[in-house]
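*Asks:* Following is a predicted model, sequence given first.
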Amino acid sequence: MKKMPISAIERTSITKLSFFIFIICIFISLKNQNADTKRRFTSTSSMAAINYFSSTDTSFISPDAFSSDSLFLSDENDMSRAVDPPPRSLEYDFYRDSCTGAEQKIRSVVTELYRLNSSVAPALLRLAFHDCFIQGCDASILLDPAEGIESEKDSPPNQSLKGFNVMDIIKSQIEEACPGVVSCSDILVLAARDGVVLAGGPFYPLCTGRRDSHVSFMDAATYDLPAPNADLPETLASFASRGFDERETVSLLGAHSIGVIHCKFYQNRLYNFAGTVKPDPSLDPELLKELRSKCIPSQRTTSPAPSP
């Protein structure tokens, strides 16, 4: 059968269609690359966050149980000369060949510490949240101050963080088995996840393969973390800036239930809301009654009370 010649109009249509398909392929490729970059931050924080207001006690860990030197800095112990390695894609069970059983070892240590004091769980979870919310999960929260470099630990929102000594213990155990292999950022997110499970929360799979930051983000830690007294629109906007929707924000803030909250963060809603001498009318009456029983005006405003 004789083939019919292609007209100029048909050739033009085919050319346009080919160009359109080419553009779609480029768009899909770029989208996949962005997804990999975003996953570096959200793989943990979208599943587990911490009570910004919580105060936990990990003083049961003896300070003599580990060296006072930081385990998280570069060999030169100088962040000013360190250069962060390029990001890489995360994958499930990243250490299956390089450090077999690393995740099980982390889980075992966290479980042992949790049995001694259950406050390990909220301490690790809050530590992970304050790390991941600033520049992603890169363990920058664990860096100690260096010459000319300020540490995130010293920012006002982070001065009440606990669990650093717990991280030291876990890291030392992993280093004995696989020196210089497992990153501190992976240890932190895995330990926080295991703490959530021990506290009665859900298990969620985590991809690993993070690299540790050699740079601290003091200013971002000071100004970008969600404020404990922020209203709903401010809180939603803060989480939206990290890619979280309303449902995810509520889930993340739900981590409050495994810690404690200080009266000073909500006492005004119980007694003097918006400059009045009345409680916040949006509060459920039964909840208001319970909270007032835990936080009365005669108490110091720093007295902790169980989270609602």
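*Replies:* Okay, I see it.
*Asks:* use CA for all of it now, contacts and neighbours both
*Replies:* Noted.
*Asks:* ranges for the strands of the chain?
*Replies:* Remark: strands assigned in the chain by DSSP state E are 91-92, 207-208, 260-262, 304-306.
*Asks:* Roughly how far does residue 289 sit from residue 254?
*Replies:* 21 Å (Cα to Cα, to the nearest Å).
*Asks:* Also residue 199?
*Replies:* Distance, residue 199 to residue 254, using Cα to Cα: 13 Å.
*Asks:* These two: who's more crowded?
*Replies:* With neighbours defined as other Cα atoms under 10 Å, residue 199 and residue 254 compare such that residue 199 has more, 17 against 14.
*Asks:* what about residue 233, how many neighbours?
*Replies:* Using other Cα under 10 Å: residue 233 sits among 8 other residues.
*Asks:* Please report the distance of it from residue 90.
*Replies:* In this view, residue 233 and residue 90 are 33 Å apart by Cα to Cα.
*Asks:* For the protein, which segments count as helices?
*Replies:* In the chain, the helices defined using DSSP state H lie at 8-45, 102-116, 120-132, 164-177, 184-198, 218-223, 232-240, 246-253, 267-271, 285-294.
*Asks:* Could you dump these into JSON lines with mean pLDDT added?
*Replies:* What follows is the helices of the chain, written out as JSON lines (pLDDT from 0 to 100):
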{"stretch": "helix 8-45", "mean pLDDT": "44"}
{"stretch": "helix 102-116", "mean pLDDT": "96"}
{"stretch": "helix 120-132", "mean pLDDT": "93"}
{"stretch": "helix 164-177", "mean pLDDT": "94"}
{"stretch": "helix 184-198", "mean pLDDT": "96"}
{"stretch": "helix 218-223", "mean pLDDT": "93"}
{"stretch": "helix 232-240", "mean pLDDT": "90"}
{"stretch": "helix 246-253", "mean pLDDT": "86"}
{"stretch": "helix 267-271", "mean pLDDT": "89"}
{"stretch": "helix 285-294", "mean pLDDT": "91"}
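*Asks:* Could you identify which of these is most buried?
*Replies:* Counting by mean count of other Cα atoms under 10 Å, helix 120-132 has the highest mean neighbour count of the helices of the chain, with a mean of 28.
*Asks:* Against which helices or strands is that one packed?
*Replies:* Applying 3 or more Cα pairs under 8 Å, 6 or more residues apart in numbering; DSSP states H and E, one finds that helix 120-132 contacts helix 8-45, helix 102-116, helix 184-198.
*Asks:* CA atoms only: put the second one into PDB for me.
*Replies:* The C-alpha trace of helix 102-116 is given here as PDB (Å, rounded to 0.1, in the frame of the first residue of the first chain):
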ATOM      1  CA  ALA A 102      23.000  -0.200  63.300                       C
ATOM      2  CA  GLU A 103      19.300   0.600  63.600                       C
ATOM      3  CA  GLN A 104      18.700  -2.300  65.900                       C
ATOM      4  CA  LYS A 105      21.700  -1.200  68.100                       C
ATOM      5  CA  ILE A 106      20.200   2.300  68.300                       C
ATOM      6  CA  ARG A 107      16.800   0.900  69.300                       C
ATOM      7  CA  SER A 108      18.400  -1.300  71.900                       C
ATOM      8  CA  VAL A 109      20.200   1.600  73.600                       C
ATOM      9  CA  VAL A 110      17.200   3.800  73.500                       C
ATOM     10  CA  THR A 111      15.100   1.100  75.000                       C
ATOM     11  CA  GLU A 112      17.600   0.500  77.800                       C
ATOM     12  CA  LEU A 113      17.700   4.200  78.600                       C
ATOM     13  CA  TYR A 114      13.900   4.600  78.400                       C
ATOM     14  CA  ARG A 115      13.500   1.800  81.000                       C
ATOM     15  CA  LEU A 116      15.600   3.900  83.400                       C
END
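*Asks:* And for it, what's in contact with it?
*Replies:* The contact list for helix 102-116, computed with Cα atoms under 8 Å, 6 or more residues apart in numbering, reads 60, 95-96, 120-121, 170, 173-174, 182, 187, 190-191, 194-195, 198.
*Asks:* got the angle between that helix and helix 164-177?
*Replies:* Here helix 102-116 points in a direction 140 degrees away from that of helix 164-177 (axes from the mean of the first three to the mean of the last three Cα atoms, to 10 degrees).
*Asks:* still on that earlier bit, now tabulate the strands of the chain in TSV and tack on distance to residue 138.
*Replies:* Converted to TSV, the strands of the chain look like this (distance: least, Cα to Cα, whole Å):
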stretch	distance to residue 138
strand 91-92	16
strand 207-208	11
strand 260-262	26
strand 304-306	31
